[in-house]
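*Asks:* structure, please.
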Amino acid sequence: MTHHPEQKGFTVWFTGLSGAGKSTIAEMLYHELRARGMKVEILDGDVVRRNLSKGLGFSKEDRDTNVLRIGFVAQLLTRNGVATICCPISPYRETRNKVRGMIGEFVEVYVHATVEEIARNRDPKGLYKKALAGEIRNFTGVDDPYEPPINPEVTLDTVNEPPERCAARVIAHLVRVGFLLD
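*Replies:* Here you go, the predicted structure:
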């Protein structure tokens, strides 16, 4: 595998509801960047929660701490020339903006799907069903807020666009802003 000495680090930050398609599209992006011979890491919310954020709950403060920890690791990777892909729910706008400020080379991708769509078609564990029935508390998008980005660099509509098309749109943006060569 050839290493690109000129590779500049950057972070692609996927945000959206649980089940919107963040991890699926992030994986596709990861494989595309690897195929281009780039150094790339993926920081998935669940994986980070098990390792770096063990013991944190789902209060606003704990969610923010988790997101800021992911942001800290992303900043280190980005600074060292790694293409970094993050896909935590990161429900709060202010915390995402803090992370943007920390990292600098940052692309926010809003993965949009409605609670109704996810609950109907993408809820294998039945979590939305339970949350909507009041059996799970503090569930993002149901009884805990999700604040959509106001000006994300890329917005993906995963209800109407297949994941491959969504991933291609992220790649096109990265080329447009000079993070990737065409």
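*Asks:* which parts of the longest helix along the chain are buried?
*Replies:* Longest helix of the chain, by residue count under DSSP state H: helix 60-79. Within helix 60-79, the residues that qualify as buried are Arg63, Asp64, Asn66, Val67, Arg69, Ile70, Gly71, Val73, Ala74, Gln75, Leu77, Thr78, counting by 16 or more other C-beta atoms under 10 Å. For the C-beta atoms, the positions are set from N, CA and C on the backbone; glycine is no exception.
*Asks:* stretch 86-97 too?
*Replies:* In stretch 86-97, counting by 16+ other C-beta under 10 Å, buried: Cys86, Cys87, Pro88, Ile89, Ser90, Pro91, Tyr92, Thr95, Arg96.
*Asks:* looking at those, which is nearest Thr24?
*Replies:* Cys87 (9.3 Å; C-beta to C-beta).
*Asks:* in this structure the closest one contacts Ser18, no?
*Replies:* No - shown here, Cys87 and Ser18 do not form a contact pair, counting by C-beta atoms under 8 Å, at 10.6 Å.
*Asks:* need the contact partners of the lowest-mean-pLDDT helix or strand in the chain.
*Replies:* Lowest on mean pLDDT, DSSP states H and E among the helices and strands of the chain sits helix 45-51, with a mean of 73. Residues outside helix 45-51 that contact it (C-beta atoms under 8 Å, 6 or more residues apart in numbering): Leu56, Asn66, Arg69, Ile70, Val73, Cys87, Pro88, Ile89, Ser90.
*Asks:* same check, this time on stretch 145-159
*Replies:* 15-17, 20-21, 25, 89, 91-93, 96, 107-114, 117, 140, 166, 169-170, 173, 177.
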